[in-house]
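Sharing a model that was predicted from the sequence below.
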Amino acid sequence: MQTFQIICCVLVGMLSLTGARREKPDTPSPDADHYDDGTHNEEYDHEVFLGGEKAAKEFEVLTEEESKRRLTVILKKVDTNSDTFIDKEELTNWVVGSLKKIDNYNAEERLKVQDRNGDGKLTWEEYNLHVFGYMPAKGHDTKSEYGKDVKRAERTFNVADKNQDGFLDSEEYLSFNNPRAVKEMEPIVIEQLLDNMDWNHDGAVALDEFLGDYFNVPGTNQAPAWVAEESELFRTQLDKNGDGYLRSSELFDWVRPDYAATAQFEADHLIKQADANKDGMLTEEEVLNKYRIFAGSRATHFGRHIRDKTFVHEEL
């Protein structure tokens, strides 16, 4: 899954908060995965509408008839007021649910890999054995970059362990695996952002710290175009109180995934593609006429048996 897919290693996710200075701020974009170098990514539409890569791949091997049948079932769930029309709000809400299910599913799969004894919980030792290959000794070096990485991971683990029993259950693991998406993890996310970006240790991120190190356009004294774009973003959207710094919740708001904004972009896109009469809503007929936008199918693969119970959203 390319959209909102949680990274293959939790440590990598935390390093993205705490690594070296960046060449460009990694400001989240609501439609970052929708286009690959300007080319429309059809798989993105399928995955965020159907609820993940697994469901999208199942549709790829269906006949057109079966694909449309399943879409019809889904559309009835999207149309929450049962008026036979799918408006932007209904479609946005559906995609928000899909995005969250994708994150949850990916975290569950990762927990299975890291949970060495298969008890459905993760210990700090299991995490270290999976990521580092061994359990760091107590009193290990915390000044090297490696040592700092271990310390940050342990701090995040302990904050995610809400009941402090030394284990992360499936719900707590969600917070550990993707702390940016969990409100309760805001303090640790802010702490790690400041550790990475607050060069003068004043407890806030100024514009120059936000931009980080960058190189001018080769052969010129001009900054790359993104510098002006990110500077404008900093001043007009991120620095909400206009004091010239990002502090506290402003930092967390910057990096947390905005499911609603992403879903709104996707809803606008899908309606634009399928709304034949341009009334701003979708009917079942309009969706089925453009079913490949929402799901797709490959009739040449007919014969492979797909069980409805494996569909990510619900049984169809």
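Alright, I've got the coordinates. Numbering: from 1, shown residues only.

Would you agree residue 100 is in contact with residue 259?
Yes: using CB atoms under 8 Å, residue 100 is in contact with residue 259, at 6.4 Å. C-beta: built from backbone N, CA, C; applies to glycine.

Of the two, which one has the most company?
Higher neighbour count among residue 100 and residue 259: residue 259, with 19 against 16, using other CB atoms under 10 Å.

how about that one, phi and psi?
Per-residue torsions, residue 259: phi -60, psi -40 (degrees, to the nearest 10).

Pull the residues that contact stretch 271-289.
Residues from elsewhere that reach stretch 271-289 (CB atoms under 8 Å, 6 or more residues apart in numbering): 68, 71-72, 75, 84-88, 91, 270, 290, 293-294.

now the residue located most distally from the centre of the chain, what's its secondary structure?
Residue farthest from the centre of the chain, counting by CA atoms, centre = their mean, is residue 219 at 37.0 Å. Counting by DSSP: H, G, I helix; E, B strand; the rest coil, the backbone at residue 219 sits in coil.

Next, the buried residues of the longest helix belonging to the chain.
In the chain, with assignment by DSSP state H, the single longest helix is helix 88-114. In terms of neighbour count (16 or more other CB atoms under 10 Å), helix 88-114 has its buried residues at 88, 90-92, 94-107, 110-111, 114.

before we move on, what about stretch 199-212?
Buried-residue list, stretch 199-212, by 16+ other CB under 10 Å: 204, 205, 206, 209, 210, 211, 212.

what would these look like in CSV with pLDDT, distance to residue 278 and secondary structure?
Converted to CSV, the buried residues of stretch 199-212 look like this (pLDDT from 0 to 100; distance: CB to CB, whole Å; DSSP: H, G, I helix; E, B strand; the rest coil):
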residue, pLDDT, distance to residue 278, secondary structure
204, 97, 47, coil
205, 96, 44, strand
206, 96, 46, strand
209, 94, 46, helix
210, 93, 41, helix
211, 92, 42, helix
212, 87, 44, coil
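
Generate JSON lines for those residues, with distance to residue 61 as supplementary columns.
Below are those laid out as JSON lines (distance: CB to CB, whole Å):
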{"residue": "204", "distance to residue 61": "52"}
{"residue": "205", "distance to residue 61": "48"}
{"residue": "206", "distance to residue 61": "53"}
{"residue": "209", "distance to residue 61": "50"}
{"residue": "210", "distance to residue 61": "46"}
{"residue": "211", "distance to residue 61": "47"}
{"residue": "212", "distance to residue 61": "45"}
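
From these, pick the one nearest residue 231.
Distance ranking of the buried residues of stretch 199-212 against residue 231, using CB to CB, places residue 211 first at 7.0 Å.

one step back: could you redo the contacts of stretch 271-289 as JSON lines and give each row secondary structure and distance to residue 252?
Listed next are these as JSON lines, based on DSSP: H, G, I helix; E, B strand; the rest coil; distance: CB to CB, whole Å:
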{"residue": "68", "secondary structure": "helix", "distance to residue 252": "43"}
{"residue": "71", "secondary structure": "helix", "distance to residue 252": "37"}
{"residue": "72", "secondary structure": "helix", "distance to residue 252": "41"}
{"residue": "75", "secondary structure": "helix", "distance to residue 252": "36"}
{"residue": "84", "secondary structure": "coil", "distance to residue 252": "41"}
{"residue": "85", "secondary structure": "coil", "distance to residue 252": "37"}
{"residue": "86", "secondary structure": "strand", "distance to residue 252": "33"}
{"residue": "87", "secondary structure": "coil", "distance to residue 252": "31"}
{"residue": "88", "secondary structure": "helix", "distance to residue 252": "28"}
{"residue": "91", "secondary structure": "helix", "distance to residue 252": "28"}
{"residue": "270", "secondary structure": "helix", "distance to residue 252": "30"}
{"residue": "290", "secondary structure": "coil", "distance to residue 252": "38"}
{"residue": "293", "secondary structure": "helix", "distance to residue 252": "35"}
{"residue": "294", "secondary structure": "helix", "distance to residue 252": "33"}
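
Now which of the residues you listed would you call buried?
68, 71, 75, 86, 87, 88, 91, 270, 293, 294.

Let's have the residues you listed in a markdown table, adding pLDDT and distance to residue 179.
What follows is those, written out as a markdown table (pLDDT from 0 to 100; distance: CB to CB, whole Å):
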| residue | pLDDT | distance to residue 179 |
| --- | --- | --- |
| 68 | 95 | 40 |
| 71 | 95 | 35 |
| 75 | 97 | 35 |
| 86 | 97 | 34 |
| 87 | 97 | 34 |
| 88 | 97 | 31 |
| 91 | 97 | 29 |
| 270 | 95 | 30 |
| 293 | 92 | 34 |
| 294 | 94 | 32 |
